[in-house]
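Participant: starting from these lines, generate the structure:
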Amino acid sequence: MTEYVLAYAIFLLAHVIPAVPALKGRLVGALGQSGYVVAYSTLSTGLLVWLIVATLRAPYVALWDAPLWTRTLALVVVPASLALLGAGVASANPLSVSFVKPAAEDRLPAIAAITRHPILWGFLLWSGAHVLPNGDVATAGLFFGFALFSLVGMVAVDAKKRRSFGQKRWQELTRSAPTLPFAAIVAGRARFGLDRAMVIGGLVGLLAAFAFLAGWHAALFGVDPLA
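Facilitator: Numbering: from 1, shown residues only. Next up, the predicted model:
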């Protein structure tokens, strides 16, 4: 359990870096923007792999017996979450976490009509769907922490973007780009639409979900979600 706690602590600490402007600024100054992105992505991925391995190695301490419906729920939620995550990763989004630079700061992608935080919501749904089926301290703690990290991330990103755009412009943009999925569409403030990034990213996410169900999950983590 010591390795698990250490890996978790270092993983969380590393993800404080982007939230500290002075520290991030020094790193970007030393490495350049591209060098920083590569270095930080490599570090983050490596720490995530270590955390997952540490979780698998941690002693099993039961918290609850997971009923069958929790696994069924995960089979429904996870593909949707990966489709949302894929669409978010592929889209240039000026209002949230984005891996693609927007052409204009006020040009919103189609996925923003569903939610302005598709990556964070995808991660939240994915991690949340894994909490109940895993009733042990290490695994449930891992996924609960990821879910909490996603929620905190939405609040933090909103605060940062609000300062960047200014209150008036922020309110104008977010009127049709809600935090809560589909809220603006239901309220009539936005219309559902598709763009290239949303379609391609969503399909890649669904393909990844199919691959994990077809054997990747069992091969990587020793658990067959269909068993």
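Participant: could you pull out the helices in the chain for me?
Facilitator: The residue ranges that make up the helices of the chain, judged by DSSP state H, are 2-14, 21-57, 68-90, 118-131, 137-165, 167-174, 183-187, 196-211, 217-221.
Participant: what helices and strands are in contact with the second one?
Facilitator: If you count contacts as 3 or more C-beta pairs under 8 Å, 6 or more residues apart in numbering; DSSP states H and E, helix 21-57 packs onto helix 2-14, helix 137-165. For every residue, glycine as well, the C-beta is placed using N, CA and C.
Participant: about what we covered before: among the helices of the chain, which is the most enclosed?
Facilitator: Here the criterion is mean neighbour count by mean count of other C-beta atoms under 10 Å, and of these the winner is helix 118-131, at a mean of 23.
Participant: measure how far it is from the centre of its chain, please.
Facilitator: Taking C-alpha atoms, centre = their mean, to the nearest Å, the mean C-alpha location of helix 118-131 is offset from the chain mean by 6 Å.
Participant: heads up, I number from 17, so please use that
Facilitator: Done: numbering now begins at 17, and the last item shifts to helix 134-147.
Participant: and that helix with helix 212-227, angle?
Facilitator: With axes from the mean of the first three to the mean of the last three C-alpha atoms, to 10 degrees defining the directions, helix 134-147 sits at 20 degrees from helix 212-227.
Participant: C-alpha coordinates for helix 134-147, PDB please?
Facilitator: Below are the C-alpha coordinates for helix 134-147, written out as PDB (Å, rounded to 0.1, in the frame of the first residue of the first chain):
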ATOM      1  CA  PRO A 134     -16.100  17.400 -22.800                       C
ATOM      2  CA  ILE A 135     -12.700  16.100 -21.800                       C
ATOM      3  CA  LEU A 136     -13.300  16.600 -18.100                       C
ATOM      4  CA  TRP A 137     -16.900  15.200 -18.300                       C
ATOM      5  CA  GLY A 138     -15.700  12.200 -20.300                       C
ATOM      6  CA  PHE A 139     -13.000  11.600 -17.600                       C
ATOM      7  CA  LEU A 140     -15.600  12.100 -14.800                       C
ATOM      8  CA  LEU A 141     -18.100   9.700 -16.300                       C
ATOM      9  CA  TRP A 142     -15.400   7.100 -17.100                       C
ATOM     10  CA  SER A 143     -13.900   7.200 -13.600                       C
ATOM     11  CA  GLY A 144     -17.300   7.500 -11.800                       C
ATOM     12  CA  ALA A 145     -18.500   4.400 -13.700                       C
ATOM     13  CA  HIS A 146     -15.500   2.500 -12.300                       C
ATOM     14  CA  VAL A 147     -16.100   3.300  -8.600                       C
END
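Participant: give me the packing partners of it, helices and strands only.
Facilitator: Other helices and strands packing on helix 134-147, by 3+ C-beta pairs under 8 Å, 6+ apart, are helix 84-106, helix 153-181.
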